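Q: here you go, sequence then predicted model.
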Amino acid sequence: MTAHPLNNADAMLATLEDWADAGWIRWLDLELARFIHTQTINSQAASPALLLATALCSHQNGHGHACLDLAHCLADPHRALSLPPDGKHRQPAVSPAELLAQLNLQDWLRQLENPLLTGAGEGNTPMVLPPEQSKHLLYLRRYWQYEQAILKQINQRLKQTITLDTAHLRQILDQLFGNTTDDCDWQKVACAVAAANPFSIITGGPGTGKTTTVVRLLAALTQLHDKPQALRIRLAAPTGKAAVRLSESISRQLQQLPVSVVIPDEVSTIHRLLGSVPGSRHFRHHAGNPLSADVVVVDEASMVDIELMAQLLEALPADCRLILLGDKDQLASVEAGAVLGSLCERADRAHYTRQTAEWLQQASGQTIPAACRDDDGQSLDQAITMLRYSHRFGQVPGIGALANAVNQQSDSPDDLLQGTYSELRHLAVTAYNDPGLRRLVLDKTHGYGHYLDVITTQQPAADNSDSQTWNDWAAKVLDAFARFRLLAAIHSSEWGTEVLNQQISGWLQSAGLEHGTGPTDSEWYSGRAIILTRNDYNLGLMNGDTGIALPCPDANGNLVLRVAFPVASTEQVRWVSPARLQACQTAFVMTVHKSQGSEFAHTALVLPDFDSPVLTRELVYTAVTRASERFTLIARDAELMRKAISRRVFRTSGLLRDTRPIQA
Ligand SMILES: Nc1ncnc2c1ncn2[C@@H]1O[C@H](COP(=O)(O)OP(=O)(O)OP(=O)(O)O)[C@@H](O)[C@H]1O
């Protein structure tokens, strides 16, 4: 008789191996359970239920969760564990849901008890199950440590009091914002909130004025400082693309400031700010060698994962302000830990105490609406402002209306795609090689047709040796490419990035892109757009950076194929040999996840023709809000979009639970 996995460690490992083989968990998750098993073979052995929890905890980290919520996992295993996996996978002999149905919470907790392996946080156990919580959250130690580091740094800042001359702040804010209307001006409130707190968050949807607000805030902080010239301000974003966008946006906003102050517009990636150490997860700046900064602003903070956020916070001097900007409703980072989303879980309603509301009235002249007051508000609530009015979609109200409908889980968001707004469209397709999709891709106004034209008709003459001419052309190609992007929800299947990229490369090549300078069987050809899939510290290029392969003259004047990347804060390009790019993919179609931090004039979202747990409200919202002028839904019918927006992403973390109540 075969042993039952919940009674026998070898049988449990065999079950986990079957899950890994079927693609339901990663091999890494299995290996971790095996490691735990071998660690304790001669002492107190890990129970089968602990091996199961270890593999599932690691599986959850792979799905962006900081930890495993044991109760949720038992109550709703497939939803909690994002199973079955995306794409075509065989059914394992015993599914996780079938196995978990045989466990109850108390038994599982009891079987997790093991002094060598599971602890409450002290010591060095590989697994951590913090005590006294309403939820039973199991962590791999590394993630628990990141969460603790974030909480410690945030709580320390929330306890600090900043001495401010309220009347002076009011005077500065009145000058920066001019006359405001009767409605509460949340941008002004956000400036006052952030001026009063060493840690603050400004969240809001696209175009709600996060950048506008932060520029005014920096102007206010500079004016409040004893020695304005000496205030050290550092600006950062998670990806190179987001850094370029923020830098451009800040430069525009600086021109509109009604006061003359010196504020930097140079934005670096967080990795560059912290000083990445090639070949390691560590940075040059850390608790022992903190950054030299008084104010750090991080944009697109929803993309920052728990590990990077912990490293960033630890590298800040104790008296350095941190201001996070981001859209809490967007998809979180692919890596574990939805830090911004977790911290902003209560932001919609706001929970300002009477004391905070009264002070905000004095400092900003704004009356906080009754619905946003709460005398039980926590200290974290007092440091967050949500901007609520979008200024971006004046000319294209359809995009804002669709984003709202998606966010509010409207019953029929697809009605908006039926011709009410000329900037919204639904393209019904039944196959990935649909002629309608080909027409859209090659369209000169709304697709890649313009990009194709700039490459094929504007390339400098082969004997032109003026490097600036080639740079200018490459910058034009990059601009043209940035106008349109197809976004896919998934990687695999014929509706995923892999197949779609092949199809679209084929269409573009038959319409004019040529191998030209490379061997014809090479994957590299002029006009191939690529996205990096890993950080490359040696090259200074980050995961998510996009570039385009183009010919350019080498030192001898011979044309060679190089990849052109935009350079942050400049109109220059940087040329890199394709051979040096170790981890990249074609990027005519990218996942919605990878599109975060970018904006395209026209964004087209391709949904598969089947439902999947990855189709969520956050995914559709993120795709819609990448568009600045036009949005197209490419899907067999709109039913899947309705299903997607009825499903929310949930991310398990203990961050909100542990932000302490307000200190009197
Ligand atoms: N209070 C305001 N009144 C009028 N226009 C505004 C106001 N605030 C912002 N805008 C305008 O709205 C547009 C978007 O503002 P901003 O870039 O600051 O928003 P954002 O939230 O940072 O946008 P994104 O999400 O795209 O990064 C800009 O053109 C800006 O000038």
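A: All right, it came through fine. Numbering: from 1, shown residues only.

Q: quick one, domains of the protein?
A: 9-139, 162-387, 394-646 (the TED database).

Q: how far away is the residue in the stretch 1-150 of the chain positioned nearest to the ligand from E345?
A: Residue of the stretch 1-150 of the chain nearest the ligand, by CB to the nearest ligand atom: G64 (21.8 Å). From N, CA and C alone the C-beta is placed, and that goes for glycine too. For G64, the distance to E345 equals 15 Å [CB to CB, to the nearest Å].

Q: assign a three-state SS to R630, would you?
A: Following DSSP: H, G, I helix; E, B strand; the rest coil, the label given to R630 is strand.

Q: which of G64 and E345 has more neighbours?
A: More neighbours surround G64 than the other of G64 and E345, with 23 against 13 (other CB atoms under 10 Å).

Q: that one touches V339, doesn't it?
A: No: contact criterion CB atoms under 8 Å: G64 and V339 do not qualify, at 11.0 Å.

Q: follow-up on the earlier one: nearest to Q156, of the domains of the chain?
A: domain 162-387 (7.1 Å; CB to CB).

Q: what's the first-to-last distance across that closest one?
A: Taking CA to CA, to the nearest Å, domain 162-387 runs 23 Å from one end to the other.

Q: just give the nearest non-adjacent residue to the residue most central in space within the chain, would you?
A: Computing the C-alpha centroid of the chain and ranking residues by CA atoms, centre = their mean puts M303 first, at 2.4 Å. Closest residue to M303 apart from its sequence neighbours, by CB to CB, 6 or more residues apart in numbering: P238 at 4.3 Å.

Q: next, give phi and psi for the one you found.
A: As for P238, its main-chain torsions (degrees, to the nearest 10) stand at phi -70, psi -30.

Q: which residues touch it?
A: Residues near P238 by CB atoms under 8 Å, 6 or more residues apart in numbering: T269, I270, V298, E300, A301, M303, V304, L308, S333, G597.

Q: so what touches stretch 537-548?
A: 239-241, 269, 271-272, 276-279, 474, 477-478, 481, 527-536, 563-566, 576, 580-581, 587, 594, 597.

Q: so for that stretch, mean pLDDT?
A: Per-residue pLDDT values across stretch 537-548 average out to 83.

Q: quick check: end-to-end length of it?
A: Span of stretch 537-548 from end to end, CA to CA: 19 Å.

Q: what about R252, how many neighbours?
A: Here the number of neighbours of R252 (other CB under 10 Å) works out to 13.

Q: assumed it was part of a helix.
A: Yes: using three-state DSSP, the assignment for R252 is a helix.

Q: contact partners for the closest residue to N8 other than its chain neighbours?
A: Closest residue in space to N8, ignoring its immediate chain neighbours: P48 at 6.2 Å, by CB to CB, 6+ apart. By CB under 8 Å, 6+ apart, the residues touching P48 are P5, L6, N7, N8, A9, A11, M12, Q111.

Q: what's the farthest-apart pair in these?
A: Once CB to CB is applied, these give A11 and Q111 as the farthest pair, at 14.6 Å.

Q: which one's more surrounded, those two?
A: Neighbour count, other CB under 10 Å: between A11 and Q111, Q111 has more, with 19 against 15.

Q: for the more buried one, which non-adjacent residue is closest in space?
A: Counting by CB to CB, 6+ apart, the residue nearest Q111 is A49, at 3.7 Å.

Q: just give me the neighbour total for the one you found.
A: Neighbours around A49, by other CB under 10 Å: 22.

Q: name the element it belongs to?
A: helix 48-62 (DSSP states H and E).

Q: on that earlier part again, okay, and which of the contacts of P238 map to strands?
A: T269, V298 (DSSP state E).

Q: how about the contacts of P238 in a markdown table, adding pLDDT and distance to A287?
A: Formatted as a markdown table, the contacts of P238 follow (pLDDT from 0 to 100; distance: CB to CB, whole Å):
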| residue | pLDDT | distance to A287 |
| --- | --- | --- |
| T269 | 88 | 21 |
| I270 | 92 | 16 |
| V298 | 97 | 18 |
| E300 | 91 | 25 |
| A301 | 94 | 21 |
| M303 | 87 | 24 |
| V304 | 91 | 18 |
| L308 | 93 | 15 |
| S333 | 68 | 23 |
| G597 | 77 | 27 |
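
Q: enumerate the positions of stretch 205-224 that are buried.
A: 205-224 (16 or more other CB atoms under 10 Å).

Q: meant to ask about stretch 164-182
A: By neighbour count with 16+ other CB under 10 Å, stretch 164-182 contains the buried residues L169, R170, I172, L173, L176, F177.

Q: the second one against L360, yeah?
A: This points to R170. No: using CB under 8 Å, R170 makes no contact with L360, being 10.4 Å away.

Q: how close does Q503 get to the ligand?
A: Going from Q503 to the ligand by CB to the nearest ligand atom, to the nearest Å gives 30 Å.

Q: and what of K643?
A: Going from K643 to the ligand by CB to the nearest ligand atom gives 27 Å.

Q: hmm, that residue is touching D611, no?
A: Yes: using CB under 8 Å, K643 makes contact with D611 at a distance of 5.5 Å.

Q: what stretches of the stretch 451-600 of the chain score poorly on pLDDT?
A: Regions of the stretch 451-600 of the chain meeting the criterion pLDDT under 70 cover residues 514-522, 568-571.

Q: mind running it again at 80?
A: Scanning the stretch 451-600 of the chain with the threshold set as pLDDT under 80 gives 491-493, 512-522, 535-538, 540, 542-543, 567-572, 597.

Q: how about the strands of it, start to end?
A: 484-488, 529-532, 546-553, 559-566, 573-576, 584-586, 589-591, 600-606 (DSSP state E, counting those that start in this stretch).

Q: mind listing what D554 touches?
A: D554 makes contacts with V560, as judged by CB under 8 Å, 6+ apart.

Q: check the residue in the stretch 301-450 of the chain that the ligand sits nearest to and give its pLDDT.
A: Proximity of the stretch 301-450 of the chain to the ligand (CB to the nearest ligand atom) peaks at H391, 3.2 Å away. You'll see H391 listed with a pLDDT of 83.

Q: please apply the same query to the one 10 residues further on.
A: In the predicted model, A401 carries a pLDDT score of 88.

Q: quick one: it is in a strand?
A: No: assigned with three-state DSSP, A401 falls outside any strand and is helix.

Q: which residues touch the closest residue to it other than its chain neighbours?
A: Among residues not flanking A401 along the chain, L416 sits closest, at 5.9 Å (CB to CB, 6+ apart). Applying CB under 8 Å, 6+ apart to L416 gives the contacts G398, A401, L402, A405, L424.

Q: can we see that at 10 Å?
A: Contacts for L416 (CB atoms under 10 Å, 6 or more residues apart in numbering) come out as G398, I399, A401, L402, N404, A405, V406, S410, L424, H426, F631, L633.

Q: minimum pLDDT in the residues you listed, which residue is that?
A: Lowest pLDDT among those: S410, 76.

Q: name the SS class of that one, please.
A: Going by three-state DSSP, the state assigned to S410 is coil.

Q: run a quick neighbour tally on it.
A: Residues near S410, counting by other CB under 10 Å, number 16.

Q: show me what contacts it?
A: Contacts of S410 were listed using CB under 10 Å, 6+ apart, and they are A401, L402, N404, L416, R642, I645.

Q: any idea how far the first one is from S390?
A: Distance, A401 to S390, using CB to CB: 10 Å.

Q: same question for the fifth one.
A: Look at R642 and S390: by CB to CB, they are 23 Å apart.

Q: now swap in L607 and tell me
A: On the measure of CB to CB, L607 and S390 end up 24 Å apart.

Q: the closest residue in space to N501 that isn't next to it in sequence bridge partners, please.
A: Closest residue to N501 apart from its sequence neighbours, by CB to CB, 6+ apart: T586 at 4.2 Å. Counting by DSSP bridges, T586 forms beta bridges with I530.

Q: next one: T586 from A93, what distance?
A: T586 is 37 Å from A93, by CB to CB.

Q: and these two? Which one has more around it.
A: Using other CB under 10 Å, the more surrounded residue of T586 and A93 is T586, with 19 against 11.

Q: fine, thanks again, bye for now.
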